[in-house]
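Engineer: Sequence and predicted model, in that order:
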Amino acid sequence: MAQRVAVVGTGKIGEALLSGMIRAGKSPDDLLVTTRRAERAEDLRRGYGVEAVSNAEAAKAADILILTVKPQDMGALMDELAPHVPADRLVVSGAAGITTKFLEARLAAGTPVVRVMSNTPVLVDEGMSAISGGAHATEAHLERVEEIFGSVGKTIRVPEKQQDAVTALSGSGPAYFYFLVEAMTDAGILLGLPRAAAHDLIVQAAIGASVMLRDSGEHPTLLREAVTSPAGTTIAAIRELENHGVRAALLAALEAASNRSQEIAEGLS
Ligand SMILES: NC(=O)C1=CN([C@@H]2O[C@H](COP(=O)(O)OP(=O)(O)OC[C@H]3O[C@@H](n4cnc5c(N)ncnc54)[C@H](OP(=O)(O)O)[C@@H]3O)[C@@H](O)[C@H]2O)C=CC1
Ligand SMILES: O=C(O)[C@@H]1CCC=N1
């Protein structure tokens, strides 16, 4: 019999996962969602043909519970949910900074827990999801989680101690690229291009560069060198990037993101 999956706290990431599982062939009859607001539940019912239930009902009815609330809401959610979760359920958390220990401490002894850090490109089936098993998660549990998150992109297994770094890199990563695109679009405006043209030019450059990074098998340094002509335009720009410490800024930025992920965990434990 097909396993029933409940998405608990169906916001942006939860809805992306829900739509991915349906696109991958899972029947809406085998999916449940929970929400905080009735109108959100109604939207999901109408949009995907799934049943919206209470957190307690989801805990009882689903084989796999995927928790996609914000880290700050996880304590309250667990107070409500945990008493209803039988110990044979698989509990999956997609929240930044929430450790498997935090969840295990609130669930019945022996409950399998898996932690996942995903990212918003799950919306276009290009997500990157890093998976770590808790104390009671078996190979079969990890494979089930890989199957679900594999329906919306790539997956990788990492030791849980690396999850703060993963969060800083691929979890938040899309935001850094959007930030760069915003800044480079402004640079196009500064150089006299219309905004729409500047946007289209840099977005297509980003897509082309991303596909080459993924498909060429070349190291990023070689790809960059292929663009950088002697005494040309690119090296003039790169000198300014180095003068302004962009490489150092990225190292500091990702360290700050990783530290913040750790702080969230410490603040909630
Ligand atoms: N956004 C991102 O890029 C990424 C996010 N994450 C993680 O994913 C998680 C979700 O993020 P995101 O989707 O952006 O957040 P959202 O706020 O979009 O989604 C969370 C949803 O949970 C609902 N909710 C909160 N408490 C409860 C409850 N007790 N019962 C039922 N529903 C509840 C919220 O309801 P309401 O609408 O009423 O607030 C909201 O719809 C976070 O933990 C985040 O760390 C991970 C990787 C990337
Ligand atoms: O900003 C955040 O906290 C979440 C986690 C990773 C991406 N967004």
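Structural biologist: Received the coordinates, thanks. Please read these numbers as outputs of a predicted model, since none were measured by experiment. Ligands and ions are numbered 1, 2, ... in the order given.
Engineer: per-residue confidence for the closest residue to ligand 1 within the chain?
Structural biologist: In the chain, no residue comes nearer to ligand 1 than Gly11, which is 1.7 Å away by Cβ to the nearest ligand atom. For glycine as for every other residue, the C-beta is placed from the backbone atoms N, C-alpha and C. Looking at Gly11, its pLDDT is 95.
Engineer: Make sure it is actually in contact with Thr68.
Structural biologist: Yes: using Cβ atoms under 8 Å as the test, Gly11 is close enough to Thr68 to be in contact (6.3 Å).
Engineer: For these two, indicate the residue with more neighbours.
Structural biologist: Thr68 (24 against 15; other Cβ atoms under 10 Å).
Engineer: Show the contacting residues for the more buried one.
Structural biologist: Thr68 makes contact with 7-11, 13-14, 17, 94-95, according to Cβ atoms under 8 Å, 6 or more residues apart in numbering.
Engineer: can you tell if the helix of greatest length in the chain touches ligand 2?
Structural biologist: The residue-count maximum for a helix in the chain (DSSP state H) belongs to helix 246-268. No: Helix 246-268 lies apart from ligand 2 when judged by Cβ under 6 Å from any ligand atom; the minimum separation is 7.3 Å.
Engineer: Next up, phi/psi of Ser91, please.
Structural biologist: To be clear, residue 91 is Val; Ser isn't right here. Note on Val91: its backbone torsions stand at phi -110, psi 120 [degrees, to the nearest 10].
Engineer: sec struct for the residue of the stretch 1-150 of the chain found nearest ligand 2, please.
Structural biologist: For the stretch 1-150 of the chain, the residue closest to ligand 2 is Ala96, as judged by Cβ to the nearest ligand atom, at 3.7 Å. Following DSSP: H, G, I helix; E, B strand; the rest coil, Ala96 is assigned to coil.
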